[in-house]
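**Q** Structure for the following, please:
(chains A and B)
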Amino acid sequence: MGQPIASWTWFADLYRFAMILTLDEVKASEATRGALDEALKKKNGHWDEERGHILLFRAVRNRCLKATKPAAAGALIKSDLQQNAAASVASDADIVASLHRIAEPGRSAFALLLLDALDAEAVCKLLGMGIAELSNVVHSTRVELHHCVSSAKAPSNQPGATS
Amino acid sequence: MKIRAARQWLRCYRPSGADAETREFQDARAATDALPDDREKFLNQLSFDQRLAERIHLAPPPELESQLASYGEKFSELKSTPRLTATDPAILMVGFAFLVIVGIFLWMWLASMETFDGIDEVRGMAALGDTSQVEDFEPVEAPIGALGDWFVLQGLEDFKVPSGVENLDAVGVRVLPYEGKNIAMVAVPEKRTFFYVFQATGLGVQVDPKGRWHISEYGTESDPRTMAVLQNGNQVAMLTFAGTRDKMEQFIKEIEAR
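**A** You can find the predicted model right below:
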């Protein structure tokens, strides 16, 4: 028999993740509520802490991708992150909007790590990839995002069209 | 941890520092600590990610915020499902059952390796051949590979000999009547061996796998005897001698090496 779960403060990360994927408060709220309702129906009185985290973020992601079409994926960037990258982040850059415009699955992977929502292994499980592939997409997303937030230019990929 | 793997893990390091104590990231840090370029890249990545992380923690809308608290209460009513570990009795029982099933299949497989269709007829033939007396054989002094003509003259066609066996020296030949069939039988002084050639279909013999010697013991504990049977097409060759399975395996290896 398990113990009652104490803290649910991380539910807010579901919304933050949804916001990055949709850039729309209403859609993000709906995706969060929908995923939580769905999880409560399926749980049948039990909760698996580790798997539950992954499944909830996966449910939010699936709902968001249905609601908002992501940017088309381009080639992975292999060049290094520019030196002193943190210092070059524009103070007025909208990080969430810039990350939103980047293609999947790098966008989801990097967002989950930045939000401290899931660790690398859990992100691998959620996205169905190995650590090598995750490493490549995260690095590519990081470099692309740096380009966006430091130069205030649009990312190389076309912005995602919202439905 | 190899450098390549270490770099992969470090690229996925969370800026919160939550990964600092995990084994993979500790190993990755240790693997790259002596590489200044890698260390510098990691610190650059970490400070960049931390700068981004500070600015993506949006507060949910007030309405949702209160709903999330409500969801929290509902989830708190759930009982956490215990994670199954290797030491859980249920897992141990499943593991034990799995091993039993594997063991049964292994035993059945080994048992099938011990036998073949028609093995009783072949054992009967070997046992009958073992009762042969010296006077039952016609003396010869030739390698087995040169005895084909003798058996043709006895009405036994297709006296084909497996590779290696043709070089064994024969001292006697006979036609052994068994189950209404005529069997070619040769006495070999080396290890006091008998060699037989017969047709598989006549005795309902089917040796699998074909083309490989099937070795089994058929004697008694006090008089262990072993036979090695090889089927090639419809023709079956058999070697028998007084000895154990190990000795027959060694003998077959010696024959095949000739």
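**Q** distance from the centroid: which residue in chain B tops it?
**A** Using CA atoms, centre = their mean, the residue of chain B lying farthest from its centre is B:Pro62. It sits 64.9 Å away.
**Q** now the helices: where do they sit in chain A?
**A** Here chain A has its helices, by DSSP state H, at A:11-22, A:25-43, A:49-67, A:95-100, A:106-114, A:120-127, A:131-151.
**Q** May I see those organised as a markdown table, with distance to chain B, mean pLDDT and mean neighbour count added?
**A** (Glycine included, C-beta is placed from N, CA and C.) Compiled in a markdown table, the helices of chain A are given as follows (distance: least, CB to the nearest CB, whole Å; pLDDT from 0 to 100; neighbours: other CB atoms under 10 Å in any protein chain shown):
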| stretch | distance to chain B | mean pLDDT | mean neighbour count |
| --- | --- | --- | --- |
| helix A:11-22 | 4 | 93 | 24 |
| helix A:25-43 | 5 | 89 | 18 |
| helix A:49-67 | 6 | 90 | 19 |
| helix A:95-100 | 5 | 92 | 21 |
| helix A:106-114 | 5 | 95 | 26 |
| helix A:120-127 | 4 | 94 | 20 |
| helix A:131-151 | 4 | 92 | 21 |
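**Q** Need the ones you listed in TSV (columns: distance to B:Pro177).
**A** Formatted as TSV, the helices of chain A follow (distance: least, CB to CB, whole Å):
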stretch	distance to B:Pro177
helix A:11-22	87
helix A:25-43	77
helix A:49-67	74
helix A:95-100	91
helix A:106-114	81
helix A:120-127	72
helix A:131-151	72
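**Q** burial of B:Ile252, as a residue count?
**A** 19 (other CB atoms under 10 Å in any protein chain shown).
**Q** confidence score at it?
**A** The model reports B:Ile252 with a pLDDT of 92.
**Q** Check the one 4 residues further on too.
**A** Per-residue confidence (pLDDT) for B:Glu256: 85.
**Q** Likewise for A:Arg101?
**A** On the pLDDT scale, A:Arg101 gets 92.
**Q** Check whether it really touches A:Ala72, as I assumed.
**A** No - with contact defined as CB atoms under 8 Å, A:Arg101 does not reach A:Ala72; the gap is 11.1 Å.
**Q** So between those two, which is more surrounded?
**A** A:Arg101 (21 against 10).
**Q** Please tell me how far B:Phe98 sits from chain A.
**A** Distance of B:Phe98 to chain A, given as CB to the nearest CB, to the nearest Å: 23 Å.
**Q** pLDDT of the helix or strand containing that residue, averaged?
**A** Following DSSP states H and E, one finds B:Phe98 within helix B:89-113. Averaged over helix B:89-113, pLDDT sits at 86.
**Q** If we go by neighbour counts, what in whichever helix or strand comes after it is buried?
**A** Per DSSP H and E, the first helix or strand lying C-terminal to helix B:89-113 is helix B:119-130. Buried residues in helix B:119-130, defined by neighbour count with 16 or more other CB atoms under 10 Å in any protein chain shown: B:119, B:121-123, B:125-126, B:129.
**Q** Pull the most distant pair out of those.
**A** B:Ile119 and B:Gly129 (15.2 Å; CB to CB).
**Q** of all the buried residues of helix B:119-130, which comes closest to chain A?
**A** Nearest to chain A among these: B:Ile119, at 50.9 Å, using CB to the nearest CB.
**Q** want to throw the buried residues of helix B:119-130 into JSON lines with pLDDT and distance to chain A?
**A** Compiled in JSON lines, the buried residues of helix B:119-130 are given as follows (pLDDT from 0 to 100; distance: CB to the nearest CB, whole Å):
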{"residue": "B:Ile119", "pLDDT": "89", "distance to chain A": "51"}
{"residue": "B:Glu121", "pLDDT": "91", "distance to chain A": "57"}
{"residue": "B:Val122", "pLDDT": "92", "distance to chain A": "55"}
{"residue": "B:Arg123", "pLDDT": "91", "distance to chain A": "56"}
{"residue": "B:Met125", "pLDDT": "93", "distance to chain A": "60"}
{"residue": "B:Ala126", "pLDDT": "93", "distance to chain A": "58"}
{"residue": "B:Gly129", "pLDDT": "94", "distance to chain A": "63"}
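**Q** ok, so of those residues, who is nearest B:Ala31?
**A** Of all the buried residues of helix B:119-130, B:Ala31 sits closest to B:Ile119, with 59.7 Å by CB to CB.
**Q** To what extent is the nearest residue to that closest one once chain neighbours are set aside buried, counted in neighbours?
**A** Excluding its sequence neighbours, the residue lying closest to B:Ile119 (CB to CB, 6 or more residues apart in numbering or on different chains) is B:Ser216, at 7.1 Å. Neighbour count for B:Ser216, taken as other CB under 10 Å: 17.
**Q** if I read this right, B:Ser216 contacts B:Arg245, doesn't it?
**A** Yes - between B:Ser216 and B:Arg245 there is a contact under CB under 8 Å: 7.4 Å.
**Q** joint contacts of these two?
**A** Common neighbours of B:Ser216 and B:Arg245, counting by CB atoms under 8 Å, 6 or more residues apart in numbering or on different chains, are B:Thr226.
**Q** Do I have it right that A:Ala18 meets A:Cys64?
**A** Yes - between A:Ala18 and A:Cys64 there is a contact at 5.3 Å, judged by CB under 8 Å.
**Q** Since that was my last question, I'll sign off now.
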